[in-house]
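> Sharing a model that was predicted from the sequence below.
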Amino acid sequence: MKTKDSQDVILGAQARLWSCSFNQMISMCLKCAIHLRIPDAIHKHGGAAAVPLTALLSTLQIPPSKTEPFRCIMRILAHNAALFNPEPKPSPDAADDEWYSLNASSRLLLSPGGGEDDDDKAAVEVRHTSSVLFLFHPLMQEPWSFLDTWLREDGSRTPWEIAHGTASFWGYLETRDPSGELMATFYDCMTNDSKLVGEVLVSRCRDMFDGVASLVDVGGGAGTMAAAVAKAFPEIKCTVLDRPHVVKGLQGEGNLEFVGGDMFLSVPQADAVLLKWILHDWDEENCIKVLKVCKEAIASPKGKLIIIDMVVDEKRLGERNFGEVQLCFDLFMMAMVNGKERTEKEWKRLFSAAGFSNYKISTVMGLRSVIEVFP
Ligand SMILES: C[S@@+](CC[C@H](N)C(=O)[O-])C[C@H]1O[C@@H](n2cnc3c(N)ncnc32)[C@H](O)[C@@H]1O
Ligand SMILES: O=c1cc(-c2ccc(O)cc2)oc2c(O)c(O)ccc12
């Protein structure tokens with residue numbers, strides 16, 4: 001017979017395993033909330049104020065037979081996913097016991113034009129719905145069934161390649177996505193993210209652009225980052241370099257232009273070279289190749305690279321919404337594109353191998369950092 005203490009340890013351990021196994025259920029509740037547009041329903045009824053469960057049932061036209069499952073999903077979304085705030089009843093005689101309001105995360109899931117920036121019309125509208133849904137795309141989900149196959153196999157094939165045949169993620173977007181559906185969804189994610197990151201960069205990092213007359217955004221996709229810089233600094237000539245099939249049909253205007261090419265071969269000359277979410281796609285050897293090409297492109301001795309990527313903080317690995325997410329991004333990059341997230345020590349090694357002399361990390365971007373790297 002086990003002691004009471006060791007029974008408690010085992011019961012706790014069993015609960016932990018259930019908690020881990022149920023994580024997927026929490027993300028499915030998130031997907032359901034997006035499909036049902038629960039954030040819009042809360043916003044429509046309450047704005048910033050709390051809304052009773054019965055109002056949501058009626059707005060969302062949930063049949064009475066599904067009241068209990070809906071209540072259960074709302075509780076999971078509020079308590080496990082921290083997506084809605086559970087609120088106290090506004091008065092003791094209110095008919096409903098359960099009230100919910102939006103929080104900063106669920107506001108990112110409002111439909112375009114709804115809510116968030118009601119009181120600040122000048123603010124960039126940031127939405128995250130399509131970025132969440134992209135991760136639930138069946139093509140993005142399949143690789144996760146192959147983690148054990150991946151680990152047993154010698155070589156560099158990614159779970160993405162195991163799941164979808166030989167084409168890399170980038171090759172798939174270029175040649176095996178005939179409708180362009182995956183590519184459009186992917187660039188929608190990148191655009192959503194760059195709206196927020198672009199605003200942060202030009203407002204919090206203004207001094208990084210002192211003395212910069214030209215900038216090239218390498219792997220700049222649809223040009224959202226470069227457009228933010230071009231708008232904030234009309235005197236800076238901004239160029240977006242990406243693969244020809246990505247920039248095909250994209251038209252620059254004013255101080256913004258698009259160029260098709262290959263960053264492994266050549267990058268247009270500029271005072272500043274921006275690399276947002278590029279180097280985490282590649283292994284050391286490829287990163288050093290890109291960094292060397294970028295170094296050649298820096299036109300002036302006072303020029304620099306501006307890298308926006310994660311700097312994994314080993315001391316914060318267990319921290320909810322920080323280290324925990326950085327670890328997941330690390331695995332995500334390995335699984336999809338054979339990339340990785342790097343610690344400061346790993347970044348330093350890359351910069352030195354590519355011939356750069358110095359760097360400065362600014363932690364002004366949440367999970368990501370802005371790293372200035374000097375020739
Ligand atoms: C993760 S996305 C980042 C896009 C953009 N920088 C952002 O953060 O929104 C990586 C980008 O690198 C581009 N890319 C991949 N290989 C490239 C190459 N050889 N030359 C130029 N761009 C490339 C992809 O097409 C894609 O747009
Ligand atoms: O395949 C991806 C997906 C993402 C991604 C999706 C949704 C988000 O909310 C954030 C990021 O990011 C990627 C990325 O940065 C990359 O370099 C390659 C692939 C992907």
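Nice, I can see it. Ligands and ions are numbered 1, 2, ... in the order given.

> ok, now which ones touch the residue positioned nearest the centre of the chain?
Centroid check for the chain by C-alpha atoms, centre = their mean gives residue 193 as the closest residue, at 6.2 Å. By C-beta atoms under 8 Å, 6 or more residues apart in numbering, residue 193 lies in contact with 131, 277. Using the backbone N, CA and C atoms, a C-beta is placed for each residue, glycine as well.

> Point out the residues in the stretch 201-350 of the chain that sit beside ligand 2.
With C-beta under 6 Å from any ligand atom as the criterion, the stretch 201-350 of the chain comes near ligand 2 at residues 277, 280, 281, 336, 337.

> Isn't the first one up against residue 329?
In this case it means residue 277. No: under the criterion of C-beta atoms under 8 Å, residue 277 is not in contact with residue 329, lying 10.0 Å apart.

> From ligand 1, how far off is the residue nearest to the centre of the chain?
Distance of residue 193 to ligand 1, computed by C-beta to the nearest ligand atom, to the nearest Å: 6 Å.

> helix, strand or coil for that residue?
Under DSSP: H, G, I helix; E, B strand; the rest coil, the three-state class of residue 193 is helix.

> Was I right to think residue 201 contacts residue 231?
No: taking contacts as C-beta under 8 Å, residue 201 lies outside contact range of residue 231: 11.7 Å.

> out of the two, which sits in the busier spot?
Using other C-beta atoms under 10 Å, the more surrounded residue of residue 201 and residue 231 is residue 201, with 24 against 14.

> buried sites along the host helix or strand of the more buried one?
Using DSSP states H and E, residue 201 maps to helix 181-204. Buried positions in helix 181-204, judged by neighbour count with 16 or more other C-beta atoms under 10 Å: 182, 185-198, 200-202.

> Using PDB, write out every CA atom in stretch 57-76.
Provided in PDB are the C-alpha atoms of stretch 57-76 (Å, rounded to 0.1, in the frame of the first residue of the first chain):
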ATOM      1  CA  LEU A  57     -26.800  32.000 -26.800                       C
ATOM      2  CA  SER A  58     -29.500  34.100 -28.400                       C
ATOM      3  CA  THR A  59     -27.100  36.300 -30.600                       C
ATOM      4  CA  LEU A  60     -25.300  33.200 -31.800                       C
ATOM      5  CA  GLN A  61     -28.500  31.300 -32.300                       C
ATOM      6  CA  ILE A  62     -27.300  28.300 -30.200                       C
ATOM      7  CA  PRO A  63     -30.300  26.000 -29.700                       C
ATOM      8  CA  PRO A  64     -31.500  25.500 -26.100                       C
ATOM      9  CA  SER A  65     -30.400  21.800 -26.300                       C
ATOM     10  CA  LYS A  66     -26.800  23.100 -26.600                       C
ATOM     11  CA  THR A  67     -26.800  25.500 -23.600                       C
ATOM     12  CA  GLU A  68     -24.700  23.200 -21.400                       C
ATOM     13  CA  PRO A  69     -22.000  22.400 -24.100                       C
ATOM     14  CA  PHE A  70     -21.800  26.100 -24.900                       C
ATOM     15  CA  ARG A  71     -21.500  27.000 -21.300                       C
ATOM     16  CA  CYS A  72     -18.700  24.400 -21.000                       C
ATOM     17  CA  ILE A  73     -16.800  25.800 -24.000                       C
ATOM     18  CA  MET A  74     -17.100  29.400 -22.700                       C
ATOM     19  CA  ARG A  75     -15.700  28.300 -19.300                       C
ATOM     20  CA  ILE A  76     -12.700  26.600 -21.000                       C
END
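
> Count the neighbours of the residue of the chain found nearest ligand 1 for me.
Nearest residue of the chain to ligand 1 (C-beta to the nearest ligand atom) works out as residue 219 at 2.9 Å. Number of residues near residue 219 (other C-beta under 10 Å) recorded here: 20.

> can you tell me how far it sits from residue 206?
23 Å (C-beta to C-beta, to the nearest Å).

> which of the residues of the stretch 201-350 of the chain next to ligand 2 come close to ligand 1?
The subset of those within reach of ligand 1, by C-beta under 6 Å from any ligand atom, is 277, 281.

> On the three-state scheme, the closest residue to ligand 2 within the chain is what?
Closest to ligand 2 within the chain is residue 131: 3.3 Å, counting by C-beta to the nearest ligand atom. Judged by three-state DSSP, the three-state class of residue 131 is helix.

> thinking it is in contact with residue 187, fair?
No: using C-beta under 8 Å, residue 131 is not in contact with residue 187, being 11.0 Å away.

> who touches residue 270 in this structure?
The neighbours of residue 270, taking C-beta under 8 Å, 6+ apart as the test, are 214, 215, 216, 237, 239, 297, 298, 299, 303.
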